[in-house]
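Undergrad: I'd like to go over a predicted model; first the sequence, then the structure.
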Amino acid sequence: MDKYLTVILIFMVVGIPIAWVSPMSGEIREQPLLPLFYGSIGGIIFILFYGGYKDKKAREKLNAKRKRSKKK
C-alpha cells in the first residue's frame with residue numbers, strides 16, 4: 001500500500017472513536033456523529049480495495065515483463 005494511502009487510512013481509523021467519544025470531555029456522546037463514523041468505515045473499505053487493486057496491477061505488470069524477457 002502506498003504511504004499516502006496508509007496515512008489517510010490512519011486518519012480514518014482515528015475518526016471512528018471520535019464519532020462516539022467527545023474529544024473535549026472524554027465522555028461518550030448520546031448522539032454519535034454517524035456521518036463521521038460511516039464515512040470512516042466507507043473510506044477504510046475504499047482504501048483497502050484501491051490498495052489491493054494497485055498492488056494487483058503492479059504484480060501483473062511485473063509478471064508480464066518477466067514473461068516477455070523469457071521469450072527473447
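TA: Everything's here; your move.
Undergrad: CA atoms for contacts and neighbours, from now on please.
TA: Fine.
Undergrad: tell me the contacts of the residue most central in space within the chain?
TA: Closest residue to the average C-alpha location of the chain: residue 47 at 3.1 Å, with Cα atoms, centre = their mean. Taking Cα atoms under 8 Å, 6 or more residues apart in numbering, we find residue 47 in contact with 5, 9.
Undergrad: check which helix or strand covers it.
TA: helix 34-71 (DSSP states H and E).
Undergrad: and for the residue nearest to residue 43 when sequence neighbours are not counted, the neighbour number?
TA: Leaving out its chain neighbours, the residue that sits closest to residue 43 by Cα to Cα, 6 or more residues apart in numbering is residue 12, at 6.7 Å. Neighbour count for residue 12, taken as other Cα atoms under 10 Å: 20.
Undergrad: also residue 31?
TA: Around residue 31 there are 9 residues (other Cα under 10 Å).
Undergrad: against residue 10, how distant is residue 18?
TA: Residue 18 sits 13 Å away from residue 10, taking Cα to Cα, to the nearest Å as the criterion.
Undergrad: the more surrounded of these two?
TA: More crowded of residue 18 and residue 10, by other Cα under 10 Å: residue 18, with 17 against 11.
Undergrad: so the more buried one, which of the three states?
TA: helix (DSSP: H, G, I helix; E, B strand; the rest coil).
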